[in-house]
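1. no sequence on this one, just coordinates:
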């Protein structure tokens, strides 16, 4: 009789026959590959303090043809550093080479480290344009700015593949300089899953080309994220869940998807927050555009207006505002199980107390995963990251534009903290292809409003044992 884990993984693979991770060579028959479990290094309070400061500052700075039909594609993800970030894989060039990239609904550009990278690209897979017969240099600068650093390079165009889908002329950034800590092995870059209107390159995002070309049976992409933050003996890399394009994996959720339409012209995936409760008590939140929340898979925590964050912790006896590097954060007694729930117009979605607890800084005091954020310009007041998204099956619909949530199934929940290796690299064949529109480049740097993955991982990253050759 199958264990719950084996049953869960079997269901996922059966329902997603086109499942793929990083394209790579498949070992010959008869070979064996040892799986080495790497223990995660202990993080000191000082490490957490430095990370927390960078996290808050980064999120503050971040805001300012013939088509062959194919029904679906799945990319299995990796959970990095106990829920700090989630990455999947794309293949670029001819022949195709795989790259690990953060999957980020809070931005819209694809970029990877280039072989000409001189700083900040150590021990990551590098893109070699000379090795790709289909690469085209657009000779235009690319720049993206995060609160914790920047990445610069040039724009190029090449074949990009993911989960069996292909765009032969995808524009992306080939990064030649990155701030220290911006890239953390084995991650080589980022795949933006937001809308074209916020792309620094002005290029049509990979996902949007596929969706608008009618390649997907259903115009949706969806996430199921795993939780390891409260697991024991957590490794640097663990199974991260799944990212699907063109279909919903019904084995990973129960009930129906509650869709809420985007309130503005698509840019970020924005929903208005309608209600928020803490320990069963309602917290007053602003209405209208002041309640707008970006649903961002590339952000670890939840950031919001100072007044509301203060009201949240006012419901938790013994909570105190953080000081020093913890400014903007709040501490509370670790023995208190904090229950927060958020509604965006439909059901109220609960957040696990394990996700609300960011870390323990003393024998009795913990830091909460909600922090004060003061955004500027047209940026939304709330950034809803993985602290929330680990608790739901999340769907991003192209047309009509909406974000939907559903309750996780027992199959999905069984994947949390599972003792299993992260996804293994496999080669997948291309079953559907679409040509991207003629997007132009841009000389302007892009300033994201959400937390860059570098700030999420940089301060607490544990070195991966095997370096890229």
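-> Everything's here; your move. Just so it is clear, the structure is predicted and the values come from calculations on it, not from any experiment.
2. can you list the residues that contact stretch 394-404?
-> 105, 193, 208, 211-212, 216, 219-223, 248, 257-262, 266, 269, 271, 295, 297, 344, 405-406 (CB atoms under 8 Å, 6 or more residues apart in numbering). Using the backbone N, CA and C atoms, a C-beta is placed for each residue, glycine as well.
3. Would you write a PyMOL line that selects the buried entries of the residues you listed?
-> In PyMOL syntax, the buried subset of these is picked out as below (16 or more other CB atoms under 10 Å):
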select buried, resi 105+193+208+211+212+216+219+220+221+222+223+248+257+258+259+260+262+266+269+271+295+297+344+405+406
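4. In strands, which of the contacts of stretch 394-404 appear?
-> 220-223, 257-261, 271, 295, 405-406 (DSSP state E).
5. Farthest pair within the residues you listed?
-> 223 and 261 (19.1 Å; CB to CB).
6. who touches the closest residue to residue 408 other than its chain neighbours in this structure?
-> Leaving out its chain neighbours, the residue that sits closest to residue 408 by CB to CB, 6 or more residues apart in numbering is residue 393, at 5.7 Å. By CB under 8 Å, 6+ apart, residue 393 lies in contact with 222, 223, 224, 252, 253, 257, 405, 406, 407, 408, 409, 412.
7. Columns pLDDT and distance to residue 59 on top of the residues you listed, output as JSON lines?
-> Shown next, in JSON lines, are the contacts of residue 393 (pLDDT from 0 to 100; distance: CB to CB, whole Å):
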{"residue": "222", "pLDDT": "98", "distance to residue 59": "25"}
{"residue": "223", "pLDDT": "98", "distance to residue 59": "20"}
{"residue": "224", "pLDDT": "98", "distance to residue 59": "24"}
{"residue": "252", "pLDDT": "98", "distance to residue 59": "28"}
{"residue": "253", "pLDDT": "98", "distance to residue 59": "28"}
{"residue": "257", "pLDDT": "98", "distance to residue 59": "28"}
{"residue": "405", "pLDDT": "98", "distance to residue 59": "22"}
{"residue": "406", "pLDDT": "98", "distance to residue 59": "27"}
{"residue": "407", "pLDDT": "98", "distance to residue 59": "28"}
{"residue": "408", "pLDDT": "98", "distance to residue 59": "26"}
{"residue": "409", "pLDDT": "98", "distance to residue 59": "31"}
{"residue": "412", "pLDDT": "98", "distance to residue 59": "27"}
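8. could those residues go into CSV alongside distance to residue 167?
-> Formatted as CSV, those follow (distance: CB to CB, whole Å):
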residue, distance to residue 167
222, 20
223, 21
224, 24
252, 26
253, 28
257, 27
405, 28
406, 29
407, 33
408, 31
409, 32
412, 29
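9. quick one: low-confidence ranges for the stretch 1-150 of the chain?
-> Low-confidence segments of the stretch 1-150 of the chain, defined by pLDDT under 70: 1-42, 64-71, 146-149.
10. Show me how far the helix or strand containing residue 75 is from its chain's centre.
-> Following DSSP states H and E, one finds residue 75 within strand 73-80. Computed by CA atoms, centre = their mean, to the nearest Å, the chain-centroid distance of strand 73-80 equals 10 Å.
11. Which secondary structure elements does that strand sit against?
-> strand 85-92, strand 97-104, strand 237-245 (3 or more CB pairs under 8 Å, 6 or more residues apart in numbering; DSSP states H and E).
12. Which of those strands has the highest mean neighbour count?
-> Ranked by mean neighbour count, these are led by strand 85-92 with a mean of 27 (mean count of other CB atoms under 10 Å).
13. between that one and strand 237-245, what angle do the directions make?
-> Using axes from the mean of the first three to the mean of the last three CA atoms, to 10 degrees, the direction of strand 85-92 lies 60 degrees away from that of strand 237-245.
14. Surely residue 88 and residue 243 touch.
-> Yes - the criterion here is CB atoms under 8 Å, and residue 88 meets it with residue 243 at 5.5 Å.
15. shared neighbours of those two, anything?
-> With CB under 8 Å, 6+ apart as the test, residue 88 and residue 243 both reach 75, 76, 77, 103.
16. Might one say that the second one is in contact with residue 242?
-> Read that as residue 76. Yes - the pair residue 76 / residue 242 is scored as a contact, 5.6 Å apart, by CB under 8 Å.
17. quick one: residue 163 and residue 342, what's the gap?
-> 30 Å (CB to CB, to the nearest Å).
18. The two: which is more packed in?
-> Neighbour totals were compared for residue 163 and residue 342, and residue 163 leads with 29 against 24 (other CB atoms under 10 Å).
19. And for the residue nearest to the more buried one when sequence neighbours are not counted, the neighbour number?
-> Distances taken as CB to CB, 6+ apart place residue 73 nearest to residue 163, at 3.1 Å, with adjacent residues excluded. Neighbours of residue 73 under the rule other CB under 10 Å: 26.
20. same thing with residue 317?
-> Around residue 317 there are 10 residues (other CB under 10 Å).
21. Check residue 378 too.
-> Residue 378 has 13 nearby residues by other CB under 10 Å.
22. does it sit in a helix, a strand or a coil?
-> coil (DSSP: H, G, I helix; E, B strand; the rest coil).
23. Okay, helices next: where are they in the chain?
-> Per DSSP state H, the chain carries helices over the ranges 4-15, 45-63, 206-212, 306-314, 353-356, 386-389, 410-413, 453-458.
24. mind checking which of those is nearest residue 120?
-> With CB to CB as the yardstick, what comes closest out of those is helix 453-458 (9.3 Å).
25. Averaged pLDDT, the closest one. What do you get?
-> The average pLDDT within helix 453-458 is 34.
26. before we move on, what about stretch 200-220?
-> The predicted model gives stretch 200-220 an average pLDDT of 95.
27. can you check stretch 305-312 too?
-> Average pLDDT, stretch 305-312: 97.
28. Now find how far off-centre that stretch is within its chain.
-> 25 Å.
29. What of stretch 135-147?
-> So, by CA atoms, centre = their mean, the centroid of stretch 135-147 is 21 Å from its chain's centroid.
30. Repeat that for stretch 318-338.
-> Using CA atoms, centre = their mean, the offset of stretch 318-338 from its chain centre is 25 Å.
31. go on, stretch 414-422?
-> Using CA atoms, centre = their mean, the offset of stretch 414-422 from its chain centre is 18 Å.
32. First residue to last residue on stretch 213-227, what's the distance there?
-> 34 Å (CA to CA, to the nearest Å).
33. one step back: export the ones in strands among the contacts of stretch 394-404 as a markdown table, with columns for distance to residue 50.
-> Below are the ones in strands among the contacts of stretch 394-404 laid out as a markdown table (distance: CB to CB, whole Å):
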| residue | distance to residue 50 |
| --- | --- |
| 220 | 39 |
| 221 | 34 |
| 222 | 34 |
| 223 | 29 |
| 257 | 39 |
| 258 | 39 |
| 259 | 40 |
| 260 | 37 |
| 261 | 40 |
| 271 | 32 |
| 295 | 28 |
| 405 | 33 |
| 406 | 37 |
